[in-house]
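A.B. asks: fold the stuff below for me.
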Amino acid sequence: MATVQDLIAKRATLWEGAKTFLDSHTDKDGNLSAEDAATYDKMEADVLKLGKDIERLERQERIDAQLAKPTTQPIVNMPVDNAGVKDDKIGRASKFYAEDFRRHLRGKPLIHNVLSEVPDSDGGYLVPEEYEKQIVTTLDEMNVVRSLAKVISTESERKIPIAATHSVAQWTAENAAYTESNPTFDQKQIDAYKLTDLVRVSIELLQDSAFDLETYILNEITRAFGIAEEKAFCVGSGTGQPTGIFTANGGNVGVTAAGTNAITSDEIISLVYALKSPYRRNAKFLMNDATVSMIRKFKDINGAYLWQPALQAGQPDRLLGYELHTSPYVPAVAAEAYVIAFGDFNNYWIADRAGRSLQRLTELYAPNGQIGYVATERVDGKVILNEGIQLLQMKA
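C.D. replies: Down below sits the predicted model:
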């Protein structure tokens with residue numbers, strides 16, 4: 001089986017071949033014949049496919065590394081359960097809590113008293129810490145914006161003071177009056193919007209001891225939450241859900257394209273310099289895969305391609321030397337759409353309201369021979385400093 005580094009090397013070779021082919025078959029007006037265009041498109045598709053294969057293998061390696069970590073540690077003066085068995089953790093992190101949680105999912109009697117340590121007045125049960133961490137980790141792997149943004153945990157609504165204008169120094173003559181400077185402030189509020197998922201499982205599956213119920217439910221919740229979060233962080237309206245980066249209330253429009261369905265290399269370069277230099281130190285690109293395919297042929301004035309594939313495992317592709325990330329929920333090129341974001345994504349804050357819950361619905365689906373599980377999380381996201389993320393918007 002090919003390794004990640006093997007695929008990276010192969011993709012770099014294919015990309016160099018595609019560039020050479022494009023340079024040698026383009027006429028003086030920069031056009032390709034229909035046959036040559038089809039050949040180049042096939043070469044570019046191969047490069048794109050290898051990029052996806054590399055991302056898949058890198059995710060597998062991260063999961064393998066996580067699963068390979070030790071699961072035990074020396075036991076010294078640890079809590080003891082009713083049967084005299086020691087545990088290396090307490091509360092929701094304890095193995096007894098996790099065991100009770102698994103038995104709760106299957107509708108079996110509880111054998112430990114750990115669940116009583118964390119009562120839930122709404123009837124739900126807080127997910128054990130190892131499950132909650134597993135959900136968050138998997139979201140990081142699936143959710144591009146979450147991996148780039150500033151993520152905080154909050155117990156209540158958080159108000160964030162922002163310096164709207166700064167103090168301005170003035171040259172002042174001797175004995176002249178000082179010019180007063182009045183910096184002003186603004187405020188943004190991070191709320192918590194509820195995201196839910198309902199999974200129904202047949203009683204037959206619950207009774208099958210060989211079926212890994214926990215993994216199934218967690219995978220379903222993770223997939224659904226990851227998709228919903230990513231879409232909201234990109235294009236969320238801010239009403240009942242987070243505010244997306246690619247919206248009128250998201251990033252700042254730094255460049256408006258001259259066309260409704262095409263982007264030029266000059267416009268991308270202008271987008272880079274629309275961002276103030278302090279933000280460019282940690283800046284990255286974010287766009288749709290289809291947009292990447294459109295700009296992959298762009299060159300600078302020296303004939304060098306703006307897009308460059310990653311040459312090392314775990315490293316993203318680059319555009320104009322900056323990291324390039326993609327999300328399927330970034331709008332594709334169309335009239336008036338916000339299609340490219342460039343900036344320091346630490347200016348997009350994601351606030352997780354502490355604690356995810358999972359509630360077992362025993363009676364509701366009983367006539368269908370099913371058990372329901374309702375998962376809930378509360379989260380918000382919004383751009384805190386608009387000037388820190390610049391957008392390229394297509395012409396109206």
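A.B. asks: could you give the number of residues near Ile350?
C.D. replies: Neighbour count for Ile350, taken as other C-beta atoms under 10 Å: 21. Just so you know, the C-beta spots here come from the backbone N, C-alpha and C atoms, and that holds for glycine as well.
A.B. asks: how about the helix or strand where it lies: buried residues?
C.D. replies: Ile350 belongs to strand 348-361 when assigned by DSSP states H and E. For strand 348-361, the neighbour count (16 or more other C-beta atoms under 10 Å) marks 348-353, 355-359 as buried.
A.B. asks: and it, how far out from the chain middle?
C.D. replies: Distance of strand 348-361 from its chain centroid, counting by C-alpha atoms, centre = their mean, to the nearest Å, is 16 Å.
A.B. asks: domains of the protein?
C.D. replies: Listed domain ranges for the chain are 80-119, 126-163+182-209+217-288+327-396 (source: automatic domain parsing).
A.B. asks: which of the helices and strands in the chain ranks last by mean pLDDT?
C.D. replies: Lowest on mean pLDDT, DSSP states H and E among the helices and strands of the chain sits strand 125-126, with a mean of 47.
A.B. asks: could you point out the longest helix of the chain?
C.D. replies: For the chain, the longest helix by residue count, based on DSSP state H, is helix 34-67.
A.B. asks: what packs against that one?
C.D. replies: Packing partners of helix 34-67 (3 or more C-beta pairs under 8 Å, 6 or more residues apart in numbering; DSSP states H and E): helix 4-25, helix 129-142, helix 289-295.
A.B. asks: could you rerun that using 10 Å?
C.D. replies: helix 4-25, helix 129-142, helix 289-295, strand 317-319 (3 or more C-beta pairs under 10 Å, 6 or more residues apart in numbering; DSSP states H and E).
A.B. asks: which one of those lies closest to Asn261?
C.D. replies: Smallest distance to Asn261 across the helices and strands packed on helix 34-67 (C-beta to C-beta): 9.4 Å, for helix 289-295.
A.B. asks: helix or strand next in line after the closest one, which one?
C.D. replies: Per DSSP H and E, the first helix or strand lying C-terminal to helix 289-295 is strand 307-308.
A.B. asks: so for that following strand, mean pLDDT?
C.D. replies: The predicted model gives strand 307-308 an average pLDDT of 86.
A.B. asks: list of residues touching it?
C.D. replies: 12, 15, 47, 268, 285, 292-293, 295-299, 317-321, 324 (C-beta atoms under 10 Å, 6 or more residues apart in numbering).
A.B. asks: neighbours around Gly259, how many?
C.D. replies: If you count neighbours by other C-beta under 10 Å, Gly259 ends up with 12.
A.B. asks: tell me the pLDDT at it?
C.D. replies: According to the prediction, Gly259 has pLDDT 91.
A.B. asks: for the nearest residue to Phe285 once chain neighbours are set aside, give its distance to Asn302.
C.D. replies: Counting by C-beta to C-beta, 6 or more residues apart in numbering, Leu324 is the residue found nearest to Phe285 once chain neighbours are left out, at 4.6 Å. Noted for Leu324: a distance of 20 Å to Asn302, by C-beta to C-beta, to the nearest Å.
A.B. asks: mind checking which of those two has more residues around it?
C.D. replies: For Leu324 versus Asn302, neighbours defined as other C-beta under 10 Å are more numerous around Leu324 (22 against 5).
A.B. asks: quick check, the more buried one in a strand?
C.D. replies: Yes: assessed with DSSP: H, G, I helix; E, B strand; the rest coil, Leu324 lies in a strand.
A.B. asks: can you map out the helices along the stretch 201-350 of the chain?
C.D. replies: Here the stretch 201-350 of the chain has its helices, by DSSP state H, counting those that start in this stretch, at 203-207, 213-235, 265-274, 277-280, 289-295.
A.B. asks: winner for burial among those helices?
C.D. replies: Most buried of the helices of the stretch 201-350 of the chain, by mean neighbour count (mean count of other C-beta atoms under 10 Å): helix 213-235, with a mean of 19.
A.B. asks: strand 348-361 and that one, what's the angle between them?
C.D. replies: Angle of helix 213-235 versus strand 348-361, following axes from the mean of the first three to the mean of the last three C-alpha atoms, to 10 degrees, is 140 degrees.
A.B. asks: nearest to Pro183, of the helices and strands packed on helix 34-67?
C.D. replies: Nearest to Pro183, of all the helices and strands packed on helix 34-67, is strand 317-319, at 35.8 Å by C-beta to C-beta.
A.B. asks: partner strands of that closest one and their direction?
C.D. replies: Applying DSSP bridges, strand 317-319 is found paired with strand 307-308 (antiparallel), strand 322-326 (antiparallel).
A.B. asks: pull up the per-residue confidence for Thr264.
C.D. replies: Looking at Thr264, its pLDDT reads 91.
A.B. asks: tell me who's in contact with it.
C.D. replies: In this structure, Thr264 makes contact with 257-258, 270, 295, 298, judged by C-beta under 10 Å, 6+ apart.
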